[in-house]
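S.K.: can't give you the sequence, but here's the structure:
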């Protein structure tokens with residue numbers, strides 16, 4: 001069992017602890033940081049695929065025997081041990097060499113495969129996939145045209161703006177996030193032209209739902225935020241949670257949606273309106289869940305450990 005993640009990852013810690021409790025051998029490894037200063041790769045291609053060893057922390061992992069890889073949040077590949085362009089070249093080679101091996105482990109269950117994660121993180125991709133399986137989706141525009149943005153906001157409004165990627169964003173020297181927020185058409189000016197923006201119809205929701213899919217298992221929590229809060233993630237300390245049953249029509253579409261994106265794990269967000277309709281907002285193929293497990297009494301750790309230990313239960 002190989003867990004690929006950064007040093008500070010309490011979510012992965014929970015799964016590793018559960019696997020240790022089950023006496024499942026686990027090697028934790030951060031390829032972007034640990035290789036090559038603290039580890040050695042020796043891989044050869046035979047008739048069955050890649051074989052050989054990965055040495056790290058005084059242990060040797062037989063590449064061909066890795067039955068599952070939990071691809072959590074590994075660091076970017078860097079090479080600070082070399083200056084300038086040599087470092088950039090080495091980091092690129094490490095990513096394509098070691099990273100390529102980790103992407104091509106024979107007979108391995110990936111949770112999730114790094115390439116599928118990279119693809120599913122694109123909001124246009126996930127929204128198109130959601131449309132294909134029949135999810136209800138807010139009217140959406142992606143543009144850098146200020147005129148188009150204003151016309152959309154006036155026609156569809158109220159609308160919200162949301163970032164296309166939840167990248168770190170420093171605010172007054174402090175690490176922060178760009179939250180989803182309501183947009184006034186009067187505030188949309190020429191600065192819209194500086195980047196791609198996604199605008200969506202604002203759903204008059206009465207609650208949110210965070211849905212965690214682990215292979216064939218579905219866990220969901222209904223999230224109640226204070227009145228007027230658009231993005232519940234900005235007010236964690238004021239939220240209330242309770243487990244909720246996902247409507248069967250949504251659950252059936254979820255399975256096809258995950259298969260379409262090639263994912264065994266996903267954290268999905270839905271808005272629930274006053275008529276009980278569920279609106280798909282987004283999926284994070286590597287989204288957090290650790291805080292939700294005790295808050296809504298959802299056995300997600302055990303489900304992930306089952307998947308990593310025993311493999312997927314469906315194709």
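M.R.: Yes, it's here. Remember, predicted model here, so these are calculated numbers, not experimental data.
S.K.: what are the boundaries of the helices in the stretch 101-250 of the chain?
M.R.: Taking DSSP state H, counting those that start in this stretch, the helices of the stretch 101-250 of the chain run over residues 114-120, 123-133, 146-156, 248-261.
S.K.: beta partners of residue 220?
M.R.: residue 211 (DSSP bridges).
S.K.: any idea where the strands of the stretch 51-200 of the chain begin and end?
M.R.: All strands of the stretch 51-200 of the chain, identified by DSSP state E, counting those that start in this stretch, fall at 59-62, 68-71, 109-111, 140-143, 159-162, 169-171, 174-176, 181-183, 197-201.
S.K.: residues making contact with the last one?
M.R.: Read it as strand 197-201. Defining contact as Cβ atoms under 8 Å, 6 or more residues apart in numbering, one finds that strand 197-201 is touched by 123, 138-144, 149, 152-153, 156-164, 183. To be clear about C-beta, it is placed using only N, CA and C from the backbone, and glycine gets the same treatment.
S.K.: dump the helices of the stretch 101-250 of the chain to JSON lines, plus mean pLDDT and distance to residue 88.
M.R.: Listed next are the helices of the stretch 101-250 of the chain as JSON lines, based on pLDDT from 0 to 100; distance: least, Cβ to Cβ, whole Å:
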{"stretch": "helix 114-120", "mean pLDDT": "96", "distance to residue 88": "20"}
{"stretch": "helix 123-133", "mean pLDDT": "97", "distance to residue 88": "28"}
{"stretch": "helix 146-156", "mean pLDDT": "96", "distance to residue 88": "36"}
{"stretch": "helix 248-261", "mean pLDDT": "96", "distance to residue 88": "31"}
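S.K.: to residue 196, which of those lies closest?
M.R.: Nearest of the helices of the stretch 101-250 of the chain to residue 196, taken as Cβ to Cβ: helix 123-133 at 9.5 Å.
S.K.: walk me through the domains of this structure.
M.R.: What automatic domain parsing lists as the domains of the chain is 2-111, 118-136+205-305, 140-201.
S.K.: circling back: how about the helices of the stretch 101-250 of the chain in a markdown table, adding mean neighbour count and distance to residue 223?
M.R.: Converted to a markdown table, the helices of the stretch 101-250 of the chain look like this (neighbours: other Cβ atoms under 10 Å; distance: least, Cβ to Cβ, whole Å):
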| stretch | mean neighbour count | distance to residue 223 |
| --- | --- | --- |
| helix 114-120 | 16 | 22 |
| helix 123-133 | 17 | 19 |
| helix 146-156 | 17 | 25 |
| helix 248-261 | 17 | 16 |
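S.K.: include distance to residue 78 when you put those helices into TSV, please.
M.R.: Listed next are the helices of the stretch 101-250 of the chain as TSV, based on distance: least, Cβ to Cβ, whole Å:
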stretch	distance to residue 78
helix 114-120	17
helix 123-133	27
helix 146-156	37
helix 248-261	29
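S.K.: and residue 101, which of the ones you listed is closest to it?
M.R.: When the helices of the stretch 101-250 of the chain are compared by Cβ to Cβ, helix 114-120 sits nearest residue 101, at 11.5 Å.
S.K.: next one: the closest one to chain centre, how far?
M.R.: Distance of helix 114-120 from the chain centroid (Cα atoms, centre = their mean, to the nearest Å) equals 9 Å.
S.K.: quick one on the thing from earlier: I'd like the domains of the chain written out as a markdown table, with distance to residue 311 added.
M.R.: Output for those, formatted as a markdown table (distance: least, Cβ to Cβ, whole Å):
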| stretch | distance to residue 311 |
| --- | --- |
| domain 2-111 | 5 |
| domain 118-136+205-305 | 9 |
| domain 140-201 | 30 |
